[in-house]
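A.B. asks: Return atomic coordinates for the entry below.
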Amino acid sequence: MSDALLSAYVWQRTARSAVWDRLVRDERGEGVISAAIAVLIFAFLGVLMWVGFKATLGNAQGNVDNQVNQIEQ
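C.D. replies: Numbers count the residues shown, from 1 in each chain. From the prediction side, this is the model:
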């Protein structure tokens, strides 16, 4: 086997190994990612609940003001 052929073989095996190591599924960090997703979901739900709460209280405040104004007349 010639030196050039051996050198090319070693190079392609090294490159294949490096690419394979990057592509193989690794489970490190999965818990952190899952926790971050859960935090984002809960934050989104919290914002939705706050908007609904503010809208409900705004409507209730308007109704109370109308009733108080009717009583005063």
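
A.B. asks: can you tell me the average pLDDT over the strand or helix carrying Arg13?
C.D. replies: Assessed by DSSP states H and E, Arg13 sits inside helix 3-23. Average pLDDT, helix 3-23: 79.

A.B. asks: now do stretch 43-58
C.D. replies: 92.

A.B. asks: What is the neighbour count of Ala60?
C.D. replies: 10 (other CB atoms under 10 Å). Yep, even glycine has a C-beta here, placed from its N, CA and C like the rest.

A.B. asks: My error: substitute Trp11 in the last question.
C.D. replies: Other residues close to Trp11 by other CB under 10 Å number 10.

A.B. asks: can you tell me how far it sits from Met49?
C.D. replies: 58 Å (CB to CB, to the nearest Å).

A.B. asks: Would you pull up how far the helix holding Arg13 lies from the middle of the chain?
C.D. replies: 37 Å (CA atoms, centre = their mean, to the nearest Å).

A.B. asks: try stretch 48-65
C.D. replies: On CA atoms, centre = their mean, the centre of stretch 48-65 falls 29 Å from the chain's centre.

A.B. asks: for stretch 47-55, same thing?
C.D. replies: For stretch 47-55, the distance to the chain centre is 21 Å (CA atoms, centre = their mean).

A.B. asks: What residues sit buried inside the helix holding Arg13?
C.D. replies: By 16 or more other CB atoms under 10 Å, helix 3-23 has no buried positions at all.

A.B. asks: just use 266 as the starting number from now, easier for me
C.D. replies: In the new numbering, first residue 266, that becomes helix 268-288.

A.B. asks: so what does that helix touch, helix or strand wise?
C.D. replies: If you count contacts as 3 or more CB pairs under 8 Å, 6 or more residues apart in numbering; DSSP states H and E, helix 268-288 packs onto no helix or strand.

A.B. asks: could you dump it to CSV, C-alpha only?
C.D. replies: Provided in CSV are the C-alpha atoms of helix 268-288 (Å, rounded to 0.1, in the frame of the first residue of the first chain):
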residue,chain,number,x,y,z
ASP,A,268,2.0,6.1,1.6
ALA,A,269,-0.5,8.4,-0.1
LEU,A,270,-3.2,5.8,-0.1
LEU,A,271,-2.5,5.0,3.6
SER,A,272,-2.6,8.7,4.4
ALA,A,273,-5.9,9.2,2.6
TYR,A,274,-7.4,6.2,4.4
VAL,A,275,-6.3,7.4,7.8
TRP,A,276,-7.6,10.9,7.0
GLN,A,277,-11.1,9.7,5.9
ARG,A,278,-11.4,7.4,8.9
THR,A,279,-10.5,10.3,11.3
ALA,A,280,-12.9,12.6,9.5
ARG,A,281,-15.7,10.0,9.6
SER,A,282,-15.1,9.4,13.3
ALA,A,283,-15.2,13.1,14.1
VAL,A,284,-18.5,13.5,12.2
TRP,A,285,-20.0,10.4,13.7
ASP,A,286,-19.2,11.6,17.2
ARG,A,287,-21.0,14.9,16.5
LEU,A,288,-24.1,13.2,15.0
